[in-house]
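[1] Sequence first, then the predicted structure, then my questions.
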Amino acid sequence: MANHRRPLVRLPVPALAPLLFLFLALPPVTLANTGQPVPRLDYELLEQRARPGDHFTQGLFFDGERWWESSGLFGRSWLAEYTDPTARPVRRKWLASDRFAEGLTVLDGQIYLLTYKAGELQRYRREDMSPLGRHYYTGEGWGLTSDGDQLIMSNGSDTLTFRDPDSFKVLRELKVTGGGEQWTLLNELEYAHGLIWANIWHDTRIIAIDPQSGAVRGSVDLQRLDPGSQHPDMVANGIAWDKARNGLWVTGKFWPRLYLIRPQGLGFGAPAGQSGPGRS
């Protein structure tokens, strides 16, 4: 059989110089950044509050005076408003038994509440929690927040979806990357100081995500706040920005306490000089 392979072309050494220059110049830029570990931020514990430990917390929001919380599970899901999260709610709305409440946010006088499997976004009036309508989406609903203009939603993957608050139509998608990790199972969300903070299901860390690039800018480990139960559902979930005190309220599913922490960096405090566990 005839050999149809082309003869090997040997380039003179001077002709290889430009190619060698490009090869040496590009990899440090593209590869070094992707392998850098995500900065770990220390935090200060400002306050803790005891509360009932039967909340399957999915969403948490604080406007400086009032709190809103959603609690999940089929047949046990509710949306509640508090003036004091350690006391009985001012208002509580129970969802239908086939609806599993998920993340929530408050924007322009409306409460937006996701459902887990039903593909249904529920809207309520902020002042009295009276229903305003529903929108439908494909896939699962996990966490929800807002940058003040658009809604930002997680669905348990490594991708966040930006949506129009009036129609809930998808405006863009953002893949979360950084530190050589696969950032799946993104859950409850909160927008603070220009970054998207996210819980990760069955992970004690919360992470800060750049809303333009998707890069993870830092992480805070809540392990020292974890109640330490062996219950598989008793995981960290729930983040609410306290603007006046410049901190994040954090809690978890079935956690008997709320904690106000101030991360050291990313708009909350002095840049972290070193990584390490949170102070108490």
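    Looks like it arrived, so ask away.
[2] Which helix or strand in this structure has the lowest average pLDDT?
    Averaged element by element with mean pLDDT, DSSP states H and E, the chain has its least confident helix or strand at helix 27-35 (a mean of 42).
[3] tell me, what residue is most central in this structure?
    Using CA atoms, centre = their mean, the residue of the chain that lies closest to the mean C-alpha position is A198, 2.0 Å off.
[4] residues in contact with that one?
    Counting by CB atoms under 8 Å, 6 or more residues apart in numbering, A198 touches 143, 154, 176, 186-190, 206-207, 209, 239. The way it works is simple: take the backbone N, C-alpha and C, and place the C-beta from them, glycine included.
[5] let's see 10 Å
    Shown in contact with A198 (CB atoms under 10 Å, 6 or more residues apart in numbering): 142-143, 145, 152, 154, 160, 176, 183, 185-190, 205-209, 216, 219, 239.
[6] The host helix or strand of it pairs with which strands, parallel or anti?
    When elements are assigned from DSSP states H and E, A198 belongs to strand 195-200. Paired strands of strand 195-200, with direction, are strand 186-192 (antiparallel), strand 205-209 (antiparallel) (DSSP bridges).
[7] and these as JSON lines, adding distance to E120, mean neighbour count and mean pLDDT?
    Putting the strands paired with strand 195-200 into JSON lines (distance: least, CB to CB, whole Å; neighbours: other CB atoms under 10 Å; pLDDT from 0 to 100) gives the following:
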{"stretch": "strand 186-192", "distance to E120": "18", "mean neighbour count": "25", "mean pLDDT": "97"}
{"stretch": "strand 205-209", "distance to E120": "25", "mean neighbour count": "24", "mean pLDDT": "97"}
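[8] ok, back up a step: give me the mean pLDDT for the strand holding A198.
    Across strand 195-200, the average pLDDT comes to 98.
[9] Could you give the separation of that strand from the chain centroid?
    Here strand 195-200 is found 3 Å from its chain centre; the criterion is CA atoms, centre = their mean, to the nearest Å.
[10] export that strand as PDB, just CAs?
    Extracted in PDB, the C-alpha atoms of strand 195-200 (Å, rounded to 0.1, in the frame of the first residue of the first chain):
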ATOM      1  CA  LEU A 195     -21.000  40.100  45.400                       C
ATOM      2  CA  ILE A 196     -23.300  37.100  45.500                       C
ATOM      3  CA  TRP A 197     -22.900  35.100  48.700                       C
ATOM      4  CA  ALA A 198     -24.000  31.500  48.500                       C
ATOM      5  CA  ASN A 199     -24.500  28.500  50.800                       C
ATOM      6  CA  ILE A 200     -23.400  25.100  49.400                       C
END
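[11] picking that back up, the residue nearest to the centre of the chain and E127, how far apart?
    Separation of A198 from E127 (CB to CB, to the nearest Å): 29 Å.
[12] and if you look at P263?
    For P263, the distance to E127 - CB to CB - is 32 Å.
[13] Between those two, which has more neighbouring residues?
    P263 (25 against 10; other CB atoms under 10 Å).
[14] okay, now the nearest residue to P256 once chain neighbours are set aside: neighbour count?
    Closest residue in space to P256, ignoring its immediate chain neighbours: G53 at 3.7 Å, by CB to CB, 6 or more residues apart in numbering. G53 is flanked by 14 other residues according to other CB under 10 Å.
[15] Could you do H135 as well?
    That count, for H135 with other CB under 10 Å as the rule, works out to 17.
[16] Renumber starting at 44 from here on
    Shifting the count to begin at 44 puts that one at H178.
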